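J.: Sequence isn't available, so here's the structure alone:
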């Protein structure tokens, strides 16, 4: 049987796993039940398991009977702090927590792949590591900790692959991209402090709110004038907090936001650009500006050779007509840390049904077309076999 036919044979298994995880979502760093389920399933498949007393997540090592490379497959396992409102019969049983980014499906798919490959170990030339990573949704994320714990060593991982759901692709399709794929995703807090004063006599005080407003507008303009327009640079403000009463001028304005870019050099310069604008404007009005800048996940770059491998393997599994070219996004993912250590490729798994109707990820009504999971299993299964044969 080919990879798609084999994937069909574990459809019910994958769906059942996904339903259990979806009904019992757990937030970042607290994925205890999810980890226990993963460990149980891996051990039932006769796969060697590594887990930790001080950290969630687990790694399964499937050793082939023949020598060869070691291929890594990664799935994220954490949920989001959202109250589910979907029409699914398997809605969350945990109030205020929901799998709104399909990590339940990613995990179930990887267990489905593990089930298939565990039955092929006698013919397998090499090893496969199944990396179930916690805390993708919450920086600093789980990837760095797993790397520090040695998940890419003993045996050394030669290549790593992962999928992620994509609403822009139809079920039955995947999306691939060569090169820079996801952005560096940083966050910041910008604070303006000033004298304040009375609303009836602003000329006798200093009003923090219009200063902050001017800074925000200037920063948006700066992104279009200080950065090459053919490159990506984004600043978005998420919160603004200021003031205590309708007739008192705010003496402090606290703003939070995010900076995104596919270009590492641009990302490196974001703090300097923000501070120069903010301090310049604040100083004009006898105010001060302070910036607390927190680096997030680095930009994610797909390796060309590994992406070619995915393209060919997916074409064999589901038909090359279903392998689409994906557009880079300014979203972030800590899978980028793995790709700094090991060549790999990240691809989209289409989850949108033929009706084209689906709620966006990270919303209360989000759900997936479960038929897409069969495609995810098939593509990863095919990728592993091609990687073991060619690397």
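T.: Sure, I can see it. Because the structure is predicted, anything quoted here is derived from the model rather than measured. Numbering: from 1, shown residues only.
J.: Quick check: nearest residue in space to residue 88, chain neighbours excluded?
T.: Nearest non-adjacent residue to residue 88, counting by C-beta to C-beta, 6 or more residues apart in numbering: residue 367, 5.2 Å away. In short, each C-beta sits where N, CA and C put it, glycine included.
J.: For that neighbour, the count of nearby residues, please.
T.: Neighbour count for residue 367, taken as other C-beta atoms under 10 Å: 19.
J.: quick one: contacts for residue 231?
T.: By C-beta atoms under 8 Å, 6 or more residues apart in numbering, residue 231 lies in contact with 261-263, 266.
J.: One more pass at 7 Å, please.
T.: By C-beta atoms under 7 Å, 6 or more residues apart in numbering, the residues touching residue 231 are 263, 266.
J.: pretty sure it is in a helix, no?
T.: No - assignment of residue 231 by DSSP: H, G, I helix; E, B strand; the rest coil gives coil, placing it outside any helix.
J.: Tell me where the stretch 101-250 of the chain has helices.
T.: Counting by DSSP state H, counting those that start in this stretch, the stretch 101-250 of the chain has helices at residues 103-118, 143-148, 208-225.
J.: Using a markdown table, please lay out the ones you listed together with mean pLDDT, distance to residue 169 and mean neighbour count.
T.: A markdown table is the format used below for the helices of the stretch 101-250 of the chain (pLDDT from 0 to 100; distance: least, C-beta to C-beta, whole Å; neighbours: other C-beta atoms under 10 Å):
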| stretch | mean pLDDT | distance to residue 169 | mean neighbour count |
| --- | --- | --- | --- |
| helix 103-118 | 98 | 14 | 26 |
| helix 143-148 | 98 | 24 | 19 |
| helix 208-225 | 96 | 29 | 17 |
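J.: My understanding was that the residue nearest to residue 88 contacts residue 90; is that so?
T.: No - contact between residue 367 and residue 90 fails when scored by C-beta atoms under 7 Å: they sit 9.2 Å apart.
J.: about what we covered before: what's the separation between the residue nearest to residue 88 and residue 24?
T.: As for residue 367, its distance to residue 24 is 16 Å (criterion: C-beta to C-beta, to the nearest Å).
J.: Relative to residue 47, which of the helices of the stretch 101-250 of the chain is closest?
T.: Checking the helices of the stretch 101-250 of the chain against residue 47 by C-beta to C-beta gives helix 103-118 as the closest, at 6.0 Å.
J.: what residues go with each domain of the protein?
T.: Listed domain ranges for the chain are 3-181+299-390, 184-297 (source: automatic domain parsing).
J.: how far does the last one stretch from start to finish?
T.: Put plainly, it is domain 184-297. 5 Å (C-alpha to C-alpha, to the nearest Å).
J.: Numbering from 32 from now on, please.
T.: Sure, I'll start counting at 32 from here, so that last one is domain 215-328.
J.: What is the distance between that domain and the centre of its chain?
T.: Relative to its parent chain, domain 215-328 has a centroid offset of 27 Å by C-alpha atoms, centre = their mean, to the nearest Å.
J.: Need the per-residue pLDDT for residue 380.
T.: pLDDT, residue 380: 98.
J.: And it, how close does it get to residue 400?
T.: Taken as C-beta to C-beta, the span from residue 380 to residue 400 is 10 Å.
J.: repeat for residue 144
T.: Separation of residue 144 from residue 400 (C-beta to C-beta): 19 Å.
J.: Next: residue 344.
T.: For residue 344, the distance to residue 400 - C-beta to C-beta - is 22 Å.
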